[in-house]
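K.L.:
how does the following fold in three dimensions:
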Amino acid sequence: MNSSVTVIDHPLIQHKLTLMRRTSASSSTFRSLLKEISHLMAYEITRDLPIEHTQIETPLTKMQAPMLAGKKLCLVSILRAGNGLLEGILELIPSARVGHIGLYRDPETLEAVEYYYKMPSDLDQRLVITVDPMLATANSSIAAITRLKEGGARNIRFLCLLAAPEGIEAFHAAHPEVPVYTAAIDDHLNEHKYIVPGLGDAGDRIYGTR
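P.N.:
As a prediction, this is how the structure comes out:
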């Protein structure tokens with residue numbers, strides 16, 4: 001598999017993902033598990049954030065203590081399903097800036113069509129973590145990353161819950177320098193371009209729609 005793909009296979013993540021895959025999981029259970037998994041995945045994707053030391057005073061003494069350095073990172077949600085991951089990560093990193101890209105898949109061409117774009121300033125000076133639960137055809141993700149690059153982003157990472165081999169291949173053909181972090185790489189896409197075995201449509205399962 002491409003070296004730019006990191007499978008975050010922590011046992012807690014894998015256990016919760018199995019619970020999410022079940023058809024019997026309700027929307028509230030699905031949302032809760034997705035938030036919990038996003039917390040755990042956030043630890044891995046932010047593992048190498050830069051640190052600087054600053055002087056603080058504890059109840060006992062002064063010390064040089066580590067804190068995050070540089071501009072606050074930017075979390076970008078690919079609407080609408082990306083918000084399920086975004087909310088969990090934002091709880092862990094409440095100071096992060098947030099951007100949104102609205103894309104829908106044209107039912108005839110399967111190409112991504114943009115309908116919304118709102119970003120913080122200075123993307124070129126921030127680590128941008130783009131989130132979407134599913135990397136299936138990768139059309140939406142590729143379009144989102146292309147748009148972010150046009151907006152000045154230079155340091156981008158992509159986080160998803162599930163990926164298909166076809167999606168990974170297409171994504172890295174378009175954006176070979178952007179690392180992908182995922183909880184699992186499933187078997188294939190079916191004729192309707194859904195990930196198999198997968199978990200169905202993530203957006204519908206998050207929000208209880210069809």
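K.L.:
where does this structure dip in pLDDT?
P.N.:
1-3, 110 (pLDDT under 70).
K.L.:
please enumerate the strands of it.
P.N.:
Assigned by DSSP state E, the chain shows strands spanning 5-7, 51-57, 62-68, 74-79, 97-105, 112-118, 127-131, 134-135, 155-163, 180-185, 188-189, 195-196.
K.L.:
any residues touching the fifth one, and which ones?
P.N.:
The one in question is strand 97-105. 72-80, 82, 86, 90, 111-120, 126, 128, 137, 139-140, 143-144, 147-148 (C-beta atoms under 8 Å, 6 or more residues apart in numbering). Where you see a C-beta, it was placed from the backbone N, CA and C, and this is true even at glycine.
K.L.:
contacts only, for the residue nearest to Q125 when sequence neighbours are not counted.
P.N.:
Leaving aside its chain neighbours, Q125 sits nearest to K71 (5.0 Å; criterion: C-beta to C-beta, 6 or more residues apart in numbering). When contacts are counted by C-beta under 8 Å, 6+ apart, K71 is found next to D122, Q125, R126.
K.L.:
next, the buried residues of the top helix by length along the chain.
P.N.:
For the chain, the helix with the greatest residue count under DSSP state H is helix 27-45. Buried residues in helix 27-45, counted by 16 or more other C-beta atoms under 10 Å: 30-38, 40-42, 44-45.
K.L.:
relative to N190, how far out is the residue nearest to E114 when sequence neighbours are not counted?
P.N.:
Among residues not flanking E114 along the chain, L103 sits closest, at 5.6 Å (C-beta to C-beta, 6+ apart). L103 is 21 Å from N190, where distance means C-beta to C-beta, to the nearest Å.
K.L.:
neighbour count winner among these two?
P.N.:
More crowded of L103 and N190, by other C-beta atoms under 10 Å: L103, with 22 against 12.
K.L.:
can you give me the distance of G82 to I142?
P.N.:
15 Å.
K.L.:
got it, and F158?
P.N.:
With distances taken as C-beta to C-beta, F158 is found 10 Å from I142.
K.L.:
who's more crowded, the two?
P.N.:
Applying other C-beta under 10 Å to F158 and I142 shows that F158 carries more neighbours, namely 28 against 22.
K.L.:
before we move on, the earlier item: got any residues that touch both of F158 and I142?
P.N.:
By C-beta under 8 Å, 6+ apart, the residues touching both F158 and I142 are F171.
K.L.:
give the contact list for the residue lying closest to D186 once chain neighbours are set aside.
P.N.:
Excluding its sequence neighbours, the residue lying closest to D186 (C-beta to C-beta, 6+ apart) is I195, at 4.9 Å. I195 sits next to M134, A136, L162, A163, A164, G167, D186, H188, L189 when contact means C-beta under 8 Å, 6+ apart.
K.L.:
just the buried residues from the contacts of strand 97-105, in PyMOL please.
P.N.:
Filtering those down to the buried ones (16+ other C-beta under 10 Å) takes a single PyMOL command:
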select buried, resi 73+74+75+76+77+78+79+80+82+86+90+112+117+119+120+126+128+137+139+140+143+144+147+148
